[in-house]
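> the following comprises the amino acid sequence and a computationally predicted model.
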Amino acid sequence: MRIARAKSGMSGKGRLWRLLSLFVLAGILMGLDLGASARAQEPLIISAARLGEHPDHTRFVMEISGVPEYRVFSLADPYRIVLELPEAEWRLPADTGLTGQGLVKGYRYGRFAAGRTRIVMDLWKPAAVLKHYVIPGKNAESARLVIELGPVSADVFLAGAGWPKDAIATLIEGADAKPAKPRREKPVIVIDPGHGGKDPGTKGATGTYEKDVVLAAALSLRDALLATGRYEVVLTRETDVFIKLRERVDMARRAHGDLFISLHADAIENKPKIRGVSVYTLSEKASDREAAALAEAENAADIIDGADLSAESSEVRTILIDLAQRETINASTAIANRAVTQFAREIAVLDRPVRAAGFIVLKAPDIPSVLVEMGFLSNTKDEKELTSASYRKRFSTALVRAIDDYFAGRESLDTARVTPAAPAEAPPSPPAEVIPVPIRRMAESVGNQ
C-alpha cells in the first residue's frame, strides 16, 4: 500500500479530497443539466393576441416568449382554423377573442392535452392559410407568430380540412384530452343586456324600451362587480346594437365565462298590477331536447369546453353533452336561488320567482346561466323603478351578493378563486319550479334565431 501511494504521489487525504471534488463537480453539472431541462419544460408565455383586417386577407398575430414548434390545420362543420402549440401560459385579458375581424368571427384558446395548447379560430366563411411564420423577438421583445388567411371556395376548404392523425389519437387515448380553460385568478362574469338595435324588446306604458333599461342595468352591474376586485367582467353589448341569441352564447363561451347573466324586463298585457323580479334557468325538458339537437348540430364537434368530439359516436356525444348540461343546470339553479334570496331584501319579487324555460341564451352546456327578468314595464311602479339609478344600485348590490355567495359555496373552482365578502344571514332559498313562461315577445323571438 505504501508503494501504491508512492507511485501515485498522492496521500489518502489527497485522494479523498479529489473524490469529494469530483462529487461536487458532478453535482454542479447535474444541477446545470437539471436546470436546463426545467427551463426546457417551462411553458411558453403568450402575452398578446390580435386580429387585423386587410383588403385581401385577415391577419392573426400572437406575441409569444419564444420561437415554438407549431402546426396549423383547418376543420369543417363549422369552418375553423386551428393553431397547435406546446404548453403555454396565457396572460391575456378575459375578453380576448370574444369578437373578430375580417374572416374570423372570434377565437378561443386553452390547454388541449398534456403539453399541448390550441387556438381555434371560428370563421364566417371558408378561408385558407396563405402564410404562417414566426418573427423572432429582439432583446427583451416577444416573438410574433403570424397567420394570414384568405377567402376560398367551400370545395377548396373541404379538400384541405381534417384532423391530423396524432390529434385524433390524443382524443381517443389521452387521459388529459379535455382542454383546460386558461388559468385565471378571478372568475369571469358575462353580462348579457337583452335585445338591442332593431330589436327594442318590450315597451312600457310611458314609452320606456326594454333594450335601454337592461343596458343601463348591465353597465351598473359591471361597475359593481369590478369595484369588488374579485371578478373579470365581459358584456355581450355595451351599446345599442343587435346581436343574435346564439351569438350571445358563443361570446360567453369564447370568453371562457364562469357565469352568464342575461338581463331582461318583462311585460304582460291586460295585467298591469303584476310586478317584481324573477329568475329563469333552463328547464330539464328543454335541456333534453337541446342535448339531442346539439349532438346532431354542426358545432357538436367542439361544444364542451372546446373539446372536439368528432371521433366519438353520436350516442357518446349525446351523453357527454347531456351530462355537461345537467351539471350546468344544477349550478344555474344554485345561483338563481341565491339571487332571489338577495333580491327579496332590496326590491319587489314576483310570486314563485325561480322559474325554468327554454330560452336560447340559457343553453350553453358548460356555463351556469340565468335570465333575470328585472320587473314589468307594463306595471307603472316597476317602470318607474327600472329607469331609476337608485333601483339599479339596489339591483346590482343584491346580485353581487348572490354571486359572491355562489362562488363561495362552490367546492372547487378549476380556473379561479374568489374571496367574497361574508354573506349576511338569509332564510332558506325557495326551490326551483318548472312553470310556463307567462308571456310573450321573448318566446316568439327565441324561435326566430
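Sure, I can see it.
> in PDB, list the C-alpha atoms belonging to stretch 396-413.
Extracted in PDB, the C-alpha atoms of stretch 396-413 (Å, rounded to 0.1, in the frame of the first residue of the first chain):
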ATOM      1  CA  SER A 396     -76.700  45.400  -8.600                       C
ATOM      2  CA  THR A 397     -75.900  45.200  -4.900                       C
ATOM      3  CA  ALA A 398     -78.200  42.300  -4.400                       C
ATOM      4  CA  LEU A 399     -76.900  40.400  -7.400                       C
ATOM      5  CA  VAL A 400     -73.200  41.000  -6.400                       C
ATOM      6  CA  ARG A 401     -74.000  39.500  -3.000                       C
ATOM      7  CA  ALA A 402     -75.600  36.500  -4.700                       C
ATOM      8  CA  ILE A 403     -72.600  36.000  -7.000                       C
ATOM      9  CA  ASP A 404     -70.300  36.200  -4.000                       C
ATOM     10  CA  ASP A 405     -72.300  33.600  -2.200                       C
ATOM     11  CA  TYR A 406     -72.400  31.300  -5.200                       C
ATOM     12  CA  PHE A 407     -68.700  31.300  -5.700                       C
ATOM     13  CA  ALA A 408     -68.000  30.900  -2.000                       C
ATOM     14  CA  GLY A 409     -70.300  27.900  -1.900                       C
ATOM     15  CA  ARG A 410     -68.600  26.000  -4.800                       C
ATOM     16  CA  GLU A 411     -66.500  23.100  -3.600                       C
ATOM     17  CA  SER A 412     -63.700  23.900  -6.100                       C
ATOM     18  CA  LEU A 413     -63.000  26.400  -8.900                       C
END
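> list the buried residues for it?
Neighbour-count burial for stretch 396-413, with 16 or more other C-beta atoms under 10 Å as criterion, is recorded at 396-407, 410. The way it works is simple: take the backbone N, C-alpha and C, and place the C-beta from them, glycine included.
> can you list contacts of that stretch?
In this structure, residues lying in contact with stretch 396-413 by C-beta atoms under 8 Å, 6 or more residues apart in numbering are 187, 189, 217, 220-221, 223-225, 228, 230-231, 258-259, 261, 334-335, 338-339, 341-343, 345-347, 372, 416, 418, 420-421, 423-424.
> now it: average pLDDT?
Throughout stretch 396-413, pLDDT has a mean value of 82.
> any low-confidence regions in this structure?
By pLDDT under 70, the weakly predicted segments of the chain are 1-42, 112-114, 163-184, 284-327, 363, 410-449.
> show me the helices in it, by range?
Here the chain has its helices, by DSSP state H, at 2-8, 12-41, 154-160, 165-173, 210-228, 245-254, 284-296, 314-343, 380-386, 389-409, 441-447.
> thinking again about what came up before, looking at the buried residues of stretch 396-413, which is nearest A76?
Taking C-beta to C-beta as the measure, A76 lies nearest R410 of these, at 37.0 Å.
> number of nearby residues for the nearest residue to G194 once chain neighbours are set aside?
Leaving aside its sequence neighbours, G194 sits nearest to H264 (C-beta to C-beta, 6 or more residues apart in numbering; 4.3 Å). Using other C-beta atoms under 10 Å, the number of residues around H264 comes to 27.
> so H264 touches K211, yeah?
No - between H264 and K211 there is no contact under C-beta atoms under 8 Å: 9.7 Å.
> between these two, what contacts are shared?
Residues touching both H264 and K211 comprise 194-195, 201, with contact defined as C-beta under 8 Å, 6+ apart.
> wait, which of those residues is closest to S153?
Each of the shared contacts of H264 and K211 was scored against S153 by C-beta to C-beta, and H195 proved nearest at 36.4 Å.
> and T341, how many neighbours does it have?
Around T341 sit 23 other residues, with neighbours defined as other C-beta under 10 Å.
> whoops, I mixed them up, H195
By the other C-beta under 10 Å criterion, the neighbourhood of H195 contains 26 residues.
> quick check: it vs S142, distance?
Taking C-beta to C-beta, to the nearest Å as the measure, H195 and S142 are separated by 41 Å.
> now the strands for the stretch 1-150 of the chain?
44-53, 58-64, 71-75, 80-86, 88-90, 104-113, 116-123, 127-135, 143-151 (DSSP state E, counting those that start in this stretch).
> quick one: closest of those strands to P368.
Distances from P368 to each of the strands of the stretch 1-150 of the chain were compared using C-beta to C-beta; the shortest belongs to strand 104-113, at 18.2 Å.
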